[in-house]
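Chemist: when you get a sec, could you give me coordinates for this:
(chains A, B and C)
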Amino acid sequence: MRAFLLESLEQLRDHLAAQRPLFTPQFAADSSEPSWLPLSHNTPSVAIEQPLLPAYPAKQFFFPEREILFRFDGTDFKETLPKPAPQILFGVRSCDLCAIAYQDQFFQQDPYYQARRKATLLVGIDCQLPCEGGFCPTVDAGPFVRDGMADLVCHQQGDHWLLITQTSEGEALLEGLDLKAAAEEGITQRRSQEPQVAAQFPSATHIERGIQRINQSQVPAELWQTMGLQCLSCSGCTSLCPTCSCFTSYDRPVDDGFERERCWDSCLYDAFQREASGHNPSAAAGQRVERFWFHKFSDEYIKTFGRYGCTGCGRCEKTCPGVIGVHSVMKRISATP
Amino acid sequence: MNGLMTPQLIRISEIYDDGEAARHFTFEPVSGTRHSARPGQFFTLAIPGHGEAAFTYLSLPDAQGRFKALIRRVGALTSALFECGHGDLIGFRGPFGNSWPLEQLLGKRVLIIAGGIGLPPLAAVTDRLSTDGNTPVGLIYGCRSPAEQVLKHERSAWHASMPILETFDRPSNKGQLTGTPLDHTQQMSAKLGGSPEAILSCGPEVMMNAAARHFIKNNLPPEKIWLALERRMHCGVGECGHCYLGSSTVCTDGPIYSWQQLIRLQSQTTA
Amino acid sequence: MDADRDNISRIIHTICPFCGVGCGIGLRVEQEKITGVEPLTSHPVSQGKLCAKGWSTAYAVDPIDRITTPLIKENGSFRPASWDEAYQLITEAFSTAITEQGADAVGVIACARATNEDCYAAQKFARAALGTNNIDHCARICHSPSVAGLRQTLGSGAMTNSIDDIEKADLIVIFGCDPTENHSVLGGRIIRAKMAGARLLVVDPRLTRLARMADLHLQLQLGTNIALINGLLQIIFANGWEAAEFLNERCENEAALRAKVAGYPPKRVTAITGVPEEKLIAAARMYAKADRALLTYGMGITQYTTGTNNVISISNLALVAGQIGREGTGINPLRGQNNVQGACDMGALPNVFPGYQEVAQQTSRDKFADHWQKKLPENKGLTSLGMTKGALSGEVRCMLIMGEDPVVTDPDQHHVQRALEALDLLVVIELVMTETAAMADLILPAAAFSEKAGTFTNCERRVQLIQPAIAAPGEAKPDWQILGELASRLGYHGMDWPNAEAIFNEITALSPLYQGMSYLKLAENYGLQWPCNEQAPNGTPLLHRQQFSRGKGRLIPVSHADPAEMPDEAYPLFFTTTRLHYHYGCGSMTRKSPLLERETPSGVLFINPADAQALAIKPQTKVRISSRRGEVETRAVITDEVPPGTVAMPYHFKEAPSNRLTNTAQDPVTKMPELKACAVRVTNLEEASQ
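Modeler: This is a model prediction of the structure:
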């Protein structure tokens, strides 16, 4: 791990973009909607005013919403592994980086995921301000980038940036940039600053208490049913959740046979577990809502992943039409006697 | 060589009907690549254009790599499979999942309790235990009616080496046993020379749960009761999420669970 | 992931193509394919939310199954053809029919999913190029009674308030619909309002999701809306809860209404509707005494032979209680399709030009004739069902159907099929091979919403821009362009527009409602709500603020009437049709999603546990449903969502078409068929084998 001084974020970004295709959160189509978009060589360098939380986390770069697994050409099954060109994701916030680390582990043996993942270098960015609905400090997912979660990390210090290398691949990308090594105290200062930024986040006692109640099985079944009634099975939470990974697959006809496509699924859908016989072990919406939050907050998963399945990004709250995103649910859970 | 998600071709080498809308299929390898499997494991079959589904081994791969499955026509994929004939090539992936705990069963008095279509997942382990010579094993097979019974050939083969009781909700003639499998455990214990020391069960969840509770009440430890569960298994490798059961995935941690494990998993959520 | 990916990966902001809520979506385009959807947090309607349909938009427009060239049917199967050949064939057949029998021998069905520009082109094509007012679309079978009813009472047949007003109301009344299923994002706004303290009053024969959440649910018998509302009005007047000042100043004909509803005392109303008296009184008090009560309704009001009168009685209720003309109140019909409001606004209806300017009025005819440089027909045009009837009688010989699937969505399927078969020529403009397209003599490939520019008008009258994200596959092109080219072949050159914007400019020149709009202004404002003109340059979120469009709000006494077909000995159960969250219309878009398709495979019958028990029906039992018009086989789902004595079927599935059963009995005013109620018999098909 080494640290350098960086004059501006744009300097690093444009240097990296000259080497490989680079994706970074940008406002799409002259709007105020941040999306993951390629940095175009054709447009002049855009200034980065603040780190943006894009609508989607970064998961679709490795686990795309729809992906062909294999083809059947009429005689045999042919695996179709992706052959991705190297790329860089720039400006990934800590919550989304923690989710990438979580999915790296979940998809450890998945060749499709791993092919895309191995072709990608991650440039993380430390968040200096709380974002709307975000609670990463409560679930140990931010606000600063955790060690080992990115190839490079950018950290603002006054009018300049601290650039920390976390992998040799990341450091190799810096070749050609004439950077001054940062003083040790810059790094110490970063460490001591994180609690101060974390302290600016609004109180999240409802999340803490909710996690406790879920793990002590103290949530009444009726409350799950009541909240289940509010689940419109839209799949918004599972689409935007950075750690959600459920998929289904189906055969699509193509010219000379079929291809098997896997696509994102949602455990909130009624038929997610329905068997061919019609039997459904999770037929009640309340069961499915409970399952979703169990999967995000049960201690059981810490054994495997070293952390909760929730990284505190708050996207589910924003996209849930039924008012059962993370804050709404945890407030109700924590309010039960 | 295809990886995790991509099937390899196998050939349907034999087909015959057995029971209500159920059919025996024998499969053989196409490319000469054979695989081995343990009793209780499962595999998936893919029919291009119709997707993929999970099935249990009725018999494990033999020296030529041939294995069998009993398949019931219930949905789109099995309907397509029933359209297939002798010699047709389809896709295969497997084996997946855990297996019956053979090492803990050998030499013990083992009672196998099957309900309806729950018999096939128990067939390979029954084969193994009934020919062990050292393991007293008995089977109680419960069905709604005689028409629902499957594995006629297998059952008549087992009859030679082990006690079998067959019972029905609605028997078709007077000589047949009536009631649930649990109504006949005393009779089976007598044949086995004592109360069972291990239970293996597969069938409707209501039946399996009742059986587990019955033997718990009779002082059998929960870690000596094993049940084979059914869930919508899809990918077989614990990724797609469909077969969750509490914090476990049935396709990798199961399909065989001890009652002890199940109690724990069921206590994780309220449902 | 290729090196040049950065040049081709993009997000295009547009409007969801499904229901009338009009959510904002970003289409993700990678390598010239639409690979996904992003929600838009800054969009005023959807605010970062979408429903299951919206999230699956990429599947709906998947190039798989798309029709990419003109297709001509020969010996029962389709072969690709050139545009020239296709246009030639259409021109000949339409010209022959017109020459031999007059222009009313041909007709056009426009489409509530197409853009305003497409719909405008369709009605101009019918009126100016063909010379007939035989132009209609599927609003006929959803909200034609809203248009007809509210025009009589208020002067304008659209949602009076805005979606934002849901969260300004302290009482939300949901009449005959389940917005959480069909208009989920709007339904979610209702849930949000409820969570924030608003009360919910649900009037529905079904125990819907919102009914389960409601403070009060009036579970009335199918087809008893008018009796119920007259009963509520009787209670309101009897207790002096009416908004007296509002009635005096802004309404007319109060005495006649009072006289009529006096005949509906609670006892009688309870007998007709099955709703207990105390609930009637509680509901009347709740609505009349609320500070701001917003009423919303759907097909449970309109799809009856009394559809127009049902709408009128809704209007009576809101006027008497003074719950209109202010924020957080109003009468708010939920429009079904993404652009059914726009298709009506565009005059894709037999009786009105764009902007609801009456065909029957000489001044409007002159205005349009002048602008279009063509003498226009005076004859009253046929409705869609009129055209199918005309096809059977030989009165109508050629039809052009633009993107609708009446074989699945219209009542009495057998009748529709016979009618379409009887035509000399059926032309269908479509994306995919629907049931209706399969019956066509000729199919023309259309561009999808993601492949063209244009505008959609949502249910709150918000006109919004859509943007092309990718090129149309093969030779597919926008409907307006196809119609323009066809018009030229027929000798009419007033439709040679260079682009969609040129059409929109023609619309704003002719329709006072859209007068103050332009593509630029729409882009700047996330759309604008009509009327938008000099008086309201930024649009009108709230209608009827100072006075009603027609001046005074008119109270019109109406009487209860039973549905045309009531259960009897032979057909002992009431049958109603419903919609599912996961599907949209005939399913031609939503059923391309493997997820949505999995959710409800090929149709179901919803039946109450009591009825199921009587027929020995278990979950998933195979059943036959028979009516006097036909029969359908499907599987049973047992649920207390439907009351005893009533069974329900979603109408999306061609494998189990509920419209084989439904009644063509019509509302006399709008010809709306009675899709919500008929009598059926249910047979358990597995009983014999057990």
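Chemist: got the contact list for residue 19?
Modeler: Since you didn't name a chain, this refers to chain A. A:88, A:173 (CB atoms under 8 Å, 6 or more residues apart in numbering or on different chains). In this view, the C-beta of every residue, glycine as well, is placed from N, C-alpha and C.
Chemist: looking at chain C here, not the other one
Modeler: With CB under 8 Å, 6+ apart, C:Cys19 has these contacts: C:51, C:53, C:182-183, C:335-338, C:584.
Chemist: change it to 6 Å
Modeler: C:His183 (CB atoms under 6 Å, 6 or more residues apart in numbering or on different chains).
Chemist: kindly report the same for B:Ala69.
Modeler: B:25, B:55, B:58.
Chemist: am I right that it is in a helix?
Modeler: No. Using DSSP: H, G, I helix; E, B strand; the rest coil, the assignment for B:Ala69 is strand, not a helix.
Chemist: now do it against A:Asp110, distance only.
Modeler: Going from B:Ala69 to A:Asp110 by CB to CB, to the nearest Å gives 27 Å.
Chemist: what do you get for C:Leu319?
Modeler: Relative to A:Asp110, and taking CB to CB, C:Leu319 is found at 62 Å.
Chemist: as TSV, the contacts of B:Ala69 with distance to chain A and neighbour count would be great.
Modeler: As requested, these are exported to TSV (distance: CB to the nearest CB, whole Å; neighbours: other CB atoms under 10 Å in any protein chain shown):
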residue	distance to chain A	neighbour count
B:Phe25	16	23
B:Phe55	11	22
B:Leu58	18	24
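Chemist: now, which of the residues you listed sits nearest A:Leu69?
Modeler: B:Phe55 (19.9 Å; CB to CB).
Chemist: and for the strand or helix carrying the closest one, what's in contact with it?
Modeler: Applying DSSP states H and E as the criterion places B:Phe55 in strand B:51-56. By CB under 6 Å, 6+ apart, the surrounding residues in contact with strand B:51-56 are A:251, B:42, B:44, B:46, B:69, B:77, B:120-121, B:233.
Chemist: so who does the residue of chain A positioned farthest from its centre touch?
Modeler: Distance from the centre of chain A peaks at A:Thr75, with 39.2 Å (CA atoms, centre = their mean). Contacts for A:Thr75 (CB under 6 Å, 6+ apart) come out as none.
Chemist: the strands in the stretch 101-250 of chain A, which residues?
Modeler: Residue ranges of the strands in the stretch 101-250 of chain A, as given by DSSP state E, counting those that start in this stretch, are A:120-125, A:152-157, A:160-165, A:180-181, A:247-254.
Chemist: number of residues surrounding the closest residue in space to A:Lys59 that isn't next to it in sequence?
Modeler: Spatial nearest neighbour of A:Lys59, chain neighbours left out: A:Pro242 (5.7 Å); criterion: CB to CB, 6 or more residues apart in numbering or on different chains. Neighbourhood size, A:Pro242 [other CB atoms under 10 Å in any protein chain shown]: 24.
Chemist: swap in the one 3 residues further on?
Modeler: Using other CB under 10 Å as the criterion, A:Ser245 is surrounded by 23 other residues.
Chemist: could you do A:Gln196 as well?
Modeler: Neighbours of A:Gln196 using other CB under 10 Å come to 10.
Chemist: quick check: the gap between it and chain B.
Modeler: 36 Å (CB to the nearest CB, to the nearest Å).
Chemist: contacting residues for that residue?
Modeler: Contacts of A:Gln196 by CB under 6 Å, 6+ apart: none found.
Chemist: what residues are up against the residue nearest to A:Lys59?
Modeler: A:Pro242 neighbours (CB under 6 Å, 6+ apart): A:57, A:59, A:96, A:99, A:311.
Chemist: report the secondary structure state of the first one.
Modeler: The three-state label for A:Pro57, taken from three-state DSSP, comes out as coil.
Chemist: distance check, it against chain C.
Modeler: 12 Å.
Chemist: contacts only, for B:His214.
Modeler: B:Leu182.
Chemist: does C:Pro537 count as helix, strand or coil?
Modeler: coil.
Chemist: neighbours around the residue nearest to it when sequence neighbours are not counted, how many?
Modeler: Distances taken as CB to CB, 6+ apart place C:Gly516 nearest to C:Pro537, at 5.2 Å, with adjacent residues excluded. When neighbours are counted by other CB under 10 Å, C:Gly516 registers 19.
Chemist: sorry, back to before: ok, the contacts of B:Ala69 vs chain C, which is closest?
Modeler: B:Phe55 (19.9 Å; CB to the nearest CB).
Chemist: just the pLDDT at the closest one, thanks.
Modeler: If you check B:Phe55, the pLDDT there is 94.
Chemist: what do you get for the one 4 residues further on?
Modeler: pLDDT recorded at B:Ser59 is 93.
Chemist: now A:Gln105
Modeler: The model's pLDDT for A:Gln105 equals 97.
Chemist: against A:Glu10, how distant is it?
Modeler: 33 Å.
Chemist: now do the phi/psi pair for B:Leu9.
Modeler: phi -80, psi 140 (degrees, to the nearest 10).
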